[in-house]
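Student: Let's see this in three dimensions:
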Amino acid sequence: MIPVANLEKEKVVKKAPPLKEEKVTEGQESEFLSLLRTAKKQELSVLAKLLMPYIAEYELRQVRIWGDKSRVHLDRATISVNDLLINTRSGHVTVEEECFFGHRCMLLTGTHDYQKTGKERLAAVPDTGRDIHVKRGVWVGSGSTVLGPAVIGENAVVAAGSLVVGDVPANTIVAGRPAKPVKKITGEPL
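Tutor: Modelled structure (predicted):
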């Protein structure tokens, strides 16, 4: 940033220099990248420290999908799903409107045949049958994992750090590893 004096308010404000338009042909590196390659390790360390807060914030809002992206159905989602990890190897994942997820949650459809061993186990993955459906208004707390097949019922709450290994009834709070019903969202016992 270049300091610029603001005479009206008698203080210095920082203004970014105008961006330089640079035409880069395919296969050719930009002037900035060429210059960056000449930077010393210490200079790169300073640059990394400057960029890390921005990278970290960006990372916390990025959905990660392992498997076929066409099996992910977030088109009805109305709230950010943060850094949700979705595995679609063995099924579809659907998230309805007004659902929200804490950080580092996972929706996993993939599995392996535990009766196999070694590389055979690695390759023994079903293509279907392990769908996950997160119904309207669900809240999944940070660090929770849902293993398909599973339906998380409308307005259900999955407590932070829980491991869901089946269906969750609507309007119910579940917690634990494996997650078990704790109470209704109204506070009433089960």
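
Student: where does this protein dip in pLDDT?
Tutor: 1-25 (pLDDT under 70).

Student: buried sites along the helix of greatest length in it?
Tutor: In terms of residue count, the longest helix belonging to the chain (DSSP state H) is helix 41-59. Within helix 41-59, no residue counts as buried by 16 or more other C-beta atoms under 10 Å. In this view, the C-beta of every residue, glycine as well, is placed from N, C-alpha and C.

Student: Could you check how far the closest residue to Ile132 other than its chain neighbours is from Val164?
Tutor: Among residues not flanking Ile132 along the chain, Gly148 sits closest, at 4.4 Å (C-beta to C-beta, 6 or more residues apart in numbering). Here Gly148 is placed at a distance of 10 Å from Val164 (C-beta to C-beta, to the nearest Å).

Student: Report the central residue of this structure.
Tutor: With distances taken as C-alpha atoms, centre = their mean, Asp83 lies nearest the centre of the chain, 1.7 Å away.

Student: wait, Val174 sits on Val157?
Tutor: Yes: the criterion here is C-beta atoms under 8 Å, and Val174 meets it with Val157 at 7.3 Å.

Student: related to what we said a few turns ago, gap between the longest helix of the chain and the chain center?
Tutor: Its chain's average C-alpha position is 20 Å from that of helix 41-59, according to C-alpha atoms, centre = their mean, to the nearest Å.

Student: Identify the residues contacting the residue nearest to Ile132.
Tutor: Ser90, Gly91, Val93, Leu107, Leu108, Thr109, Arg130, Asp131, Ile132 (C-beta atoms under 8 Å, 6 or more residues apart in numbering).

Student: same thing with Ile65?
Tutor: Contacts for Ile65 (C-beta under 8 Å, 6+ apart) come out as Val72, Ile86, Asn87, Thr88.

Student: Determine which two of those are furthest apart.
Tutor: Pairwise distances across those peak at 10.0 Å for Val72 and Asn87 (criterion: C-beta to C-beta).

Student: circling back: what lies in contact with the longest helix of the chain?
Tutor: Ala39, Asp83.

Student: re the thing from before, specify which member of the contacts of Ile65 is nearest to Tyr114.
Tutor: Closest approach between the contacts of Ile65 and Tyr114, by C-beta to C-beta: Asn87, at 16.9 Å.

Student: How much space separates that closest one from Gln62?
Tutor: Taken as C-beta to C-beta, the span from Asn87 to Gln62 is 15 Å.

Student: Give me the more crowded residue out of the two.
Tutor: Neighbour count, other C-beta atoms under 10 Å: between Asn87 and Gln62, Asn87 has more, with 23 against 11.

Student: check contacts around that one.
Tutor: Neighbouring residues of Asn87 by C-beta under 8 Å, 6+ apart: Ile65, Trp66, Gly67, Met106, Leu107, Leu108, Thr109, Gly110.

Student: buried stuff in stretch 129-138?
Tutor: Neighbour-count burial for stretch 129-138 [16+ other C-beta under 10 Å]: Arg130, Asp131, Ile132, His133, Val134, Lys135, Gly137, Val138.
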